[in-house]
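Asks: Mind looking at a prediction? Sequence and model below.
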Amino acid sequence: MKKMNFRLLAALVGALMLVFVSSCEKDEETPGVDYNPVLNDNFSYVVDGNNVVFTTTIPGNVWFSCEGVDYPTIDKTVTVFLANAGTYTFTCSTLGSGTTLTSDEFDVVIEQDDLSFLDEGVWKLLTGGQGHSKTWVLDINADGEVTNLWNAPVAYSGKDGDPYFYWDYILTDSTDQTHLNWSPKYSENTWLMPALDYGTMTFTANTQTLTTVRPVEDITSETGTVAIDLETMLMTLTGTTICRDLGRITDVEDWQHFRIYKITENSLSLGVKRVLDGGNPGPWVVVYNFVTKTYKDAYVPPEIIITDPVVDMSSVDLIGTWKFVKEVPINWFEFNNTVPLEWAFSNNWNGLADYEASSWAGYVTADTTNLVKQSLTFNADMTFSAIDSSVFDGPAVAKTGTYTYAPTATTGVITFDTYAKFQIGTTWMNAITNAVDWRVVKLEEDGSIWFGLQEAEAKYKAVHFKKVASPGKK
């Protein structure tokens with residue numbers, strides 16, 4: 001085996017270190033280069049029908065702008081589609097040393113219209129297609145009525161610690177509600193906004209414009225342009241804005257950029273970034289819910305006959321010890337006032353991550369340690385024992401008492417004579433035994449039961465338990 005000469009190796013290493021050090025010193029001494037954008041020098045464009053292809057040799061962040069809309073480059077190029085014939089004024093911008101460098105304005109000429117895009121997808125749903133316009137209204141009126149397409153005229157999208165987490169979220173389909181952390185019912189939360197006529201928004205296809213009438217702001221007619229990035233579903237308005245409530249106007253700094261979360265033939269939801277909440281710091285996404293004026297005017301609320309939750313009680317055996325299902329321990333079970341008229345959970349909570357993503361649930365993974373310490377045991381002699389939240393503060397001491405239970409074929413109601421408090425999380429969510437009757441409102445396939453504590457005629461706070469031991473079994 002050959003041996004390398006030690007002196008030669010030392011000389012080579014020393015030479016390399018000298019080159020490296022001198023190279024580093026040279027880099028440190030070289031100042032940053034600012035590139036002032038100049039047409040046909042370090043950027044250019046080519047018109048191809050209704051597409052304008054911009055290219056640049058400037059490194060780093062570069063974007064082209066027209067009528068308030070920015071088009072950022074990717075790999076030093078971006079293609080902008082301009083549907084209508086006309087002359088468009090653009091600029092090119094880049095980031096210099098702590099400032100934005102912008103080119104002189106330059107004109108791009110489009111010779112012909114290409115409106116085929118209006119007859120499909122988002123534009124078709126929004127405007128009705130070529131030669132048409134479509135008028136939308138907030139889903140509320142002066143009587144406080146909301147259609148069956150939404151729960152309320154507004155909802156909320158965000159995540160604790162990252163309030164704009166779902167700003168870039170693209171829905172998988174029209175039923176996807178992943179982005180919503182709270183979609184309240186207006187009938188139970190009339191504080192959301194006053195029951196008023198908030199005006200109209202008319203989107204006109206061929207001109208890609210929006211005309212709004214906003215009586216609460218004394219706007220009789222205001223027209224602006226509409227641009228939509230169909231990949232990110234970002235809508236940019238210039239010259240006007242959406243119909244909105246007065247209470248949130250100053251909570252939002254940017255009323256020109258909106259996230260299209262959902263659009264169907266008759267429903268539209270637009271998200272906007274809130275920075276304040278009632279004047280106090282409170283970043284979040286507020287989602288405004290609209291319906292077409294035609295749908296709103298024709299809507300007749302269904303006659304609602306509230307029925308009791310129906311459960312097949314034939315397989316329910318209450319006797320034994322029950323513990324919380326820690327992944328989904330609580331929800332609200334309500335009778336829908338829209339089609340389908342049936343009982344359903346209020347919140348899309350299917351696991352711990354969903355609770356943690358909510359801004360108000362107050363239940364996180366760390367809470368499961370205490371949650372599973374609690375238990376509820378029903379005995380055959382009609383006595384019960386509960387290890388409740390008092391176990392958090394010391395050794396387990398059971399609360400004991402008696403209960404009544406008279407199941408029918410479709411339901412079971414439990415009455416307790418002794419107080420026990422089961423705590424879910426560290427805040428306000430709990431279930432108390434003797435404050436109100438418990439009712440079996442839903443039976444899952446795995447045998448776990450949702451016990452409902454009635455809060456209103458059509459609403460139960462539901463806690464989720466599963467039997468972990470039966471008499472004579474461990």
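Replies: Everything's here; your move.

Asks: what separates residue 164 from residue 271, distance-wise?
Replies: Taking C-beta to C-beta, to the nearest Å as the measure, residue 164 falls 10 Å from residue 271. Where you see a C-beta, it was placed from the backbone N, CA and C, and this is true even at glycine.

Asks: which residues are in contact with both of the two?
Replies: Common contact partners of residue 164 and residue 271 (C-beta atoms under 8 Å, 6 or more residues apart in numbering): residue 285.

Asks: Nearest residue to the middle of this protein?
Replies: Nearest to the mean C-alpha position of the chain, by C-alpha atoms, centre = their mean, lies residue 179 at 2.6 Å.

Asks: Counting neighbours, what do you get for residue 45?
Replies: By other C-beta atoms under 10 Å, the residues close to residue 45 number 21.

Asks: so which helix or strand takes in it?
Replies: Residue 45 is part of strand 43-48, with elements assigned from DSSP states H and E.

Asks: Could you do residue 123 as well?
Replies: helix 121-127.

Asks: same thing with residue 431?
Replies: Assigned by DSSP H and E, residue 431 falls within strand 430-432.

Asks: Which SSE is immediately downstream of that strand?
Replies: Heading C-terminal from strand 430-432, the first helix or strand you meet, by DSSP H and E, is strand 438-443.

Asks: Quickly run through the sheet partners of that next one, with directions.
Replies: Strands that pair with strand 438-443, judged by DSSP bridges, come out as strand 413-416 (antiparallel), strand 449-456 (antiparallel).

Asks: how about that strand: buried residues?
Replies: Residues of strand 438-443 classed as buried by neighbour count (16 or more other C-beta atoms under 10 Å): 438-443.

Asks: roughly how far apart are residue 431 and residue 419?
Replies: Using C-beta to C-beta, residue 431 is found at 12 Å from residue 419.

Asks: ok, those two, which is more surrounded?
Replies: residue 431 (26 against 13).

Asks: By average pLDDT, which secondary structure element in the protein comes out worst?
Replies: Ranking every helix and strand in the chain by mean pLDDT, DSSP states H and E puts helix 6-29 at the bottom, with a mean of 38.

Asks: tell me which element residue 283 falls in.
Replies: strand 280-292.

Asks: May I have the helix or strand just after that strand exported as CSV, CA atoms only?
Replies: Downstream of strand 280-292, the first helix or strand assigned by DSSP H and E is helix 293-298. Extracted as CSV, the C-alpha positions of helix 293-298 are listed here (Å, rounded to 0.1, in the frame of the first residue of the first chain):
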residue,chain,number,x,y,z
LYS,A,293,-79.8,37.2,-5.4
THR,A,294,-82.0,35.0,-7.5
TYR,A,295,-81.6,32.2,-5.0
LYS,A,296,-82.1,34.4,-2.0
ASP,A,297,-85.2,36.0,-3.4
ALA,A,298,-86.8,32.7,-4.2
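
Asks: and helix 293-298, average pLDDT?
Replies: Here helix 293-298 scores 98 as its mean pLDDT.

Asks: what comes up buried for it?
Replies: Counting neighbours by 16+ other C-beta under 10 Å, helix 293-298 gives 293, 295-296 as buried.

Asks: now, among those, which is nearest to residue 125?
Replies: Using C-beta to C-beta, residue 295 is the member of the buried residues of helix 293-298 that lies nearest residue 125, at 12.7 Å.
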